[in-house]
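> Build me a model from this:
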Amino acid sequence: MTSPLPILVIALGLAAATAARADPRLDEVVYSPYIEKGEAELETRAGREMGGPLAGEATTVLEAEYGVSDRVSLAIVGRFERDAHGPLSLNAVGVEAVTYVGQIPGIGVDTGLYLEYDQGVQGGESVGEAKLLLARTSGRFQGLFNLIVERPLGVPRGEGYASYGYAASATWRTVGNLRLGAEAFGDLGSDRAFLGRQGAYVGPQLKWKAHPRHSPVTITVDAGWLAAVGTDRREADSQLRLAVELERRF
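The predicted structure is shown next:
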């Protein structure tokens, strides 16, 4: 069996790198390529900047997803943002699709594709986003790695350049349905300046799944505290992230 260590090393190596963009979006999450047919999910996730010039800025996402087949899931998304001194307001609404592609022979890495379109509202930016989703599960270990490309839409000619980034996590199942590990979010540059000096947010992650007795709903909690690395330390000291997801099979 292929060792999970290579994926862990890649994820932590990228996390330690230094991003063209100052701050990975607070609404980002590490996606898995796995899909459950007939499973409906309702998720809310929130992130908040702690310390530094961006202290107090926050993002909240509401997402409803459904597995339409063994290979495709569709979702609608609403994103709310708040600056350090203003109210939380709707910034964008969007649709997303995740497709499971298959497993890479010989190394046991599962792959998927993610596409999202966000329509900006109340002055928010419209964005198109694509991700390559990679996953490796071995015993109690699971490593997830996303390569991300994002492009603003409806902007003046010459300003719609793509930006690149990553999201990664490595967790181990410990007691019951509790998983502990680490996650990282960062940038890889843009069409104008790829790689070079980069920043990231990296820190411990906790994931817990519960199955309430006599209930068809499964509850998943995902929490993390991420410290700023490299150039992102100029923007904030750290981030707090929390996601709660309700799942039900139909």
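> OK, contacts around residue 205?
169, 171, 179-183, 222-224 (Cβ atoms under 8 Å, 6 or more residues apart in numbering). Every residue, glycine included, has its C-beta placed from N, CA and C.
> hey, which strand is longest across the protein?
Longest strand in the chain, counting residues (DSSP state E): strand 89-104.
> Name the residues that touch it?
31, 33-35, 63, 65, 70-82, 109-122, 124-127, 133.
> List phi and psi for the residue of the chain positioned farthest from its centre.
Using Cα atoms, centre = their mean, the residue of the chain lying farthest from its centre is residue 214. It sits 31.3 Å away. Main-chain torsions, residue 214, degrees, to the nearest 10: phi 60, psi 20.
> Surely residue 233 is in a helix?
Yes - counting by DSSP: H, G, I helix; E, B strand; the rest coil, residue 233 falls inside a helix.
> Which residue ranges of the protein form helices?
5-16 (DSSP state H).
> so where is it shaky, pLDDT-wise?
1-24, 157-160, 193, 196 (pLDDT under 70).
> Could you check how far the one residue sitting closest to the centre of it is from residue 169?
The centre of the chain sits closest to residue 29, judged by Cα atoms, centre = their mean, with a distance of 1.5 Å. Residue 29 sits 9 Å away from residue 169, going by Cβ to Cβ, to the nearest Å.
> picking that back up, dump the residue contacts of the residue lying closest to the residue nearest to the centre of the chain once chain neighbours are set aside.
Spatially, and ignoring its direct neighbours in sequence, residue 29 is nearest to residue 45 (6.3 Å; Cβ to Cβ, 6 or more residues apart in numbering). Shown in contact with residue 45 (Cβ under 8 Å, 6+ apart): 27, 29, 60-61, 63, 222, 241-244.
> switch to 7 Å and redo it
Applying Cβ atoms under 7 Å, 6 or more residues apart in numbering, we find residue 45 in contact with 29, 61, 242-243.
> Equivalent analysis for residue 162, please.
149-151, 190-191.
> residue contacts, residue 179?
Residue 179 neighbours (Cβ under 7 Å, 6+ apart): 171-173, 207.
> Reformat the residues you listed into JSON lines and put distance to residue 161 and neighbour count next to each item.
Formatted as JSON lines, the contacts of residue 179 follow (distance: Cβ to Cβ, whole Å; neighbours: other Cβ atoms under 10 Å):
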{"residue": "171", "distance to residue 161": "34", "neighbour count": "21"}
{"residue": "172", "distance to residue 161": "39", "neighbour count": "13"}
{"residue": "173", "distance to residue 161": "41", "neighbour count": "16"}
{"residue": "207", "distance to residue 161": "35", "neighbour count": "20"}
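> Mind telling me the two of the residues you listed farthest from one another?
Farthest apart among the contacts of residue 179 by Cβ to Cβ are 172 and 207. That separation is 10.3 Å.
> Save the contacts of residue 179 as a markdown table, and put in distance to residue 141 too.
As requested, the contacts of residue 179 are exported to a markdown table (distance: Cβ to Cβ, whole Å):
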| residue | distance to residue 141 |
| --- | --- |
| 171 | 8 |
| 172 | 5 |
| 173 | 8 |
| 207 | 13 |
